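> just need the structure, nothing else, for what follows:
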Amino acid sequence: MKRMLPLSAMFILIPFAFVSRADLIENGNFRKGGDSPSGWTLSGGKGRWVDRNALEVDGDGKGSNYWRYDGGKELFEPGRLYHFYMRGRRTKGGGNGCIISGPNFANRDFRDFTKEWQWRDFVFVATENVRDGYIRLGQYQMNATLQFDEARLVPTVAVHRALGDLRLGHGESIRDGIYTFSSDFGYKGGNYSRVLAGASASFNSYRWNINGSNQVVYRFKVPGCAFISGNVRFSVCHLVRGSCAVEASLDGKKWHALKKPEKAGEAHLVPADLLPAKELFIRFKGATHDTSLQIDRVEFQGKLDGQPVDCEGQTLFADMEEAGKDLEIDEMSLGKSDFSGETTIKVQVRNKTEKAATVSVAAKVSIDGSSKKVPQPTASPTRTEIPAGKTAEYSIVVPSRASGKYLLSLDCSAQSCVSTGCKLSFSVPEYYRSDYGKLISGGPNAVWWCKATHKIPPKRSAPEEKSTTAKLSAARNDFEAVQIVVRPEKVLKNLTATIEPLVGPGGAEIGDADLQVLRVYYHMVKNPTDRTGVRDRWPDALPPLDKPIDVPAGENQPLWILVHVRKNAKAGDYKGNLKLKADGWETTVPLELHVWDFALPEKNHIDTAFGFEPGNVFRYHGLKTEADKRRVIDMYMQCFADHRISPYNPTPMDPIRVNFDTKSDPPSVKVDFSAFDKAMARAVEKYNFTGIRLPISGMGGGTFHKRYPPKIGPFGENTPQYKALF
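As a prediction, the model looks like this:
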């Protein structure tokens, strides 16, 4: 199995804990042994083998002790990736200090365990000095008793995002012709990154330890481009003595010192005589033989020539379940993403025997651990003859239109050979699901539709299920929308859309005044707010389609067809057409609206309250005068009311005015409700808002993450003056 493989990624891979026959720790469940657990020794201090089932260590808050596993052999191979798992809990005590775990040369500290068993895991690359490497489970300066169970160490493979020949890993990105790498030592991959070329330095949790002649080398290269500038920033988080030398090279052999910044915080510059460079090596090493320091951040940024594509990197890890002595999974890769609802996994299998073997590959998949039947993978070929010492490639196509966590089991076998295999877990986020929508017309300019509740990624493919008409339904006194999506194979110039009146029972019409065609606009989301989010362009804003637009090749352009059904509209079925035109192309999309025979009441009967920050509105629209602010705020409030949304603060221009006179003796307060009373009465009567939030000056507040304590002028909530004012 090759290491540090440049693999391509379509979806998110999620490492998972499983019992692996490739496990390199022979007694990781601590069941074997005589007077002590086989293979494990206590470094010192207090510790015990509990019920021949778990390892325990006691900490007194001062020193460190741990259980050590050497394995009786060289556990680690330099440059290879490993995934370490362990389960632990705290039976008593607590306080400061940390849990130490994993290899001694790439340790990962964890803050604490609870009293319940918890899994912890991380990935690391074995550095150059690992011949005497060993595994540790223990504590550092904790006043607690810890127990460990189920320690596992398995080979793993890095999976990077791919776009053609381009590979970008975790922390890498290309935006507007600028390549950026920013280390994130705290992520699951620890000391590993795609651009790591080699390291003799040890690693601890989130920092490289540069001691003496030890060094860390990164390699930066973007296929088809050259760096025309380069700068490096790094952070020394702990310095004992010496300093860090930063050097650049074109070949990893001849090194040049980087120009030091004139001011603190500025970047080290790559020497101009090394540029342009198709490849750059950056080295961090001790400036003196007795250097001792730690680096917790590394950043490289370079401007590229040519026309590099924008791309966000990602690194994920796939664990090997078994490594047979006859057959070996040499490489695995995920095919380039086209959002077609299929995940293509390419597997290279090596025949390690001295004879040709006919090797079969079988794959099974489940979603979210469910027993529910799901479409199964297909392999091509399913069987082929592999000469002695050679490899053959198999393609596994996994249907993956639905969102969820997929578990793929892969088995490679041949007669008279020891089989090998792996288990691979990957996830299709909800945003990338492609099991919804219906195709209205195919061809070079596909047109499809779906409900308004879906967020459509810009790159997902058109659906397979067909329909001749886009359909929606609504009550009277209601707003409803449907999305019509145009997806051209080539750039579509000057797209426009015109909607005809919808004609219903007895010739009743829903006309132009109640029909809108809005353009779904995409925004780049760089920092997802929760686990359901992904770094990508997201549909959000809905500006009117009031002028022709161009649609990029291979991308979706949803059009938001918004219908207002008045409270006196006739119930029944309405029909109309949406006409789409562009340079050299036009089509008609039939629309059907069913109006139910009831009306929504004027006043809402469901309480809602949505966050609304008027300051952002004023800044976005560039509003300066009070008249402009009031006019725009009224437009927002009417939109909220139309769609039965109650904002937190419906009277931002007319708050409850509170004047605290903290200098009087005793302090006094005046509260003025006059403007607020009128504005709130209008908000309730005109807009029918049902839920509001009333901030009161001096009472503090906060968010889910931080509390702002009450305070009036200089007086905190526990002072006599504050209590007098309230």
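> where in this structure is pLDDT low?
For the chain, the stretches with pLDDT under 70 are 1-21, 72-73, 323-324, 335-339, 370-371, 703-705, 726.
> from residue 47, how far off is the closest residue to residue 60 other than its chain neighbours?
Closest residue in space to residue 60, ignoring its immediate chain neighbours: residue 143 at 6.2 Å, by Cβ to Cβ, 6 or more residues apart in numbering. (Glycine included, C-beta is placed from N, CA and C.) Residue 143 sits 15 Å away from residue 47, going by Cβ to Cβ, to the nearest Å.
> with neighbour numbers in mind, choose between these two.
residue 47 (23 against 16; other Cβ atoms under 10 Å).
> what are the bridge partners for the closest residue to that one other than its chain neighbours, then?
Leaving out its chain neighbours, the residue that sits closest to residue 47 by Cβ to Cβ, 6+ apart is residue 57, at 4.4 Å. For residue 57, the beta-bridge partners are residue 47, residue 146 (DSSP bridges).
> count the residues that sit near residue 57.
25.
> can you start the count at 560 instead of 1 from here on
Yes, from this point I'll number from 560; that puts the last item at residue 616.
> that one touches residue 625, doesn't it?
Yes. In terms of Cβ atoms under 8 Å, residue 616 counts as a neighbour of residue 625; the distance is 6.5 Å.
> between those two, which contacts overlap?
Shared contacts of residue 616 and residue 625 (Cβ atoms under 8 Å, 6 or more residues apart in numbering): 601, 696-698.
> looking at those residues, which are in strands?
In strands, judged by DSSP state E, the following of those are found: 601, 696-698.
> got the residues you listed as TSV, with neighbour count columns?
Output for these, formatted as TSV (neighbours: other Cβ atoms under 10 Å):
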residue	neighbour count
601	19
696	25
697	23
698	28
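> let's have those residues in TSV, adding distance to residue 786.
Formatted as TSV, those follow (distance: Cβ to Cβ, whole Å):
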residue	distance to residue 786
601	51
696	43
697	44
698	45
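> would you check which pair of these lies furthest apart?
601 and 698 (12.1 Å; Cβ to Cβ).
> what touches both of these two?
By Cβ under 8 Å, 6+ apart, residue 601 and residue 698 have these common neighbours: 616, 624-625.
> looking at those, which one is closest to residue 1217?
Nearest to residue 1217 among those, with distances taken as Cβ to Cβ, is residue 616, at 57.0 Å.
> list the contacts for that closest one?
601, 604-606, 624-626, 696-698, 704-705.
> can you rerun that using 10 Å?
By Cβ atoms under 10 Å, 6 or more residues apart in numbering, the contact set of residue 616 is 601-602, 604-607, 623-626, 658-659, 696-698, 701, 703-707.
> list buried residues within these.
If you count burial by 16 or more other Cβ atoms under 10 Å, the buried members of these come out as 601, 604, 606, 623-626, 658-659, 696-698, 701, 703-707.
> quick revisit: right, and the residue nearest to residue 619 touches residue 671 too?
No. With contact defined as Cβ atoms under 10 Å, residue 702 does not reach residue 671; the gap is 11.3 Å.
> which neighbours do these two share?
652-656.
> could I get these in JSON lines, plus columns for secondary structure, distance to residue 746 and neighbour count?
Below are those laid out as JSON lines (DSSP: H, G, I helix; E, B strand; the rest coil; distance: Cβ to Cβ, whole Å; neighbours: other Cβ atoms under 10 Å):
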{"residue": "652", "secondary structure": "strand", "distance to residue 746": "29", "neighbour count": "17"}
{"residue": "653", "secondary structure": "strand", "distance to residue 746": "26", "neighbour count": "13"}
{"residue": "654", "secondary structure": "coil", "distance to residue 746": "27", "neighbour count": "11"}
{"residue": "655", "secondary structure": "coil", "distance to residue 746": "24", "neighbour count": "12"}
{"residue": "656", "secondary structure": "coil", "distance to residue 746": "23", "neighbour count": "22"}
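> out of the residues you listed, flag the one nearest to residue 904.
residue 656 (42.7 Å).
> is residue 1156 in contact with residue 1034, as I believe?
Yes. Applying Cβ under 10 Å, one finds residue 1156 in contact with residue 1034, separated by 8.8 Å.
> okay, and the common contacts of these two?
Common neighbours of residue 1156 and residue 1034 (Cβ under 10 Å, 6+ apart) are residue 1130.
> neighbour-wise, which of those two wins?
residue 1034 (17 against 9).
> looking at this, that one is in a strand?
Yes. Under DSSP: H, G, I helix; E, B strand; the rest coil, residue 1034 falls within a strand.
> may I ask you to name the longest helix in this protein?
helix 1185-1201 (DSSP state H).
> for burial, what's the neighbour tally of residue 823?
There are 5 residues near residue 823, going by other Cβ under 10 Å.
> quick check: which element contains it?
Of the helices and strands defined by DSSP states H and E, none includes residue 823.
> same question, residue 1222
Counting by DSSP H and E, residue 1222 is found in no helix or strand.
> what is the burial count for it?
8.
> likewise the one 4 residues further on?
Other residues lying near residue 1226 total 19 when counted by other Cβ under 10 Å.
> next, the distance between the ends of stretch 1065-1082.
43 Å (Cα to Cα, to the nearest Å).
> residue boundaries of the helices in the stretch 1060-1209 of the chain?
Along the stretch 1060-1209 of the chain, the stretches classed as helices by DSSP state H, counting those that start in this stretch are 1173-1180, 1185-1201.
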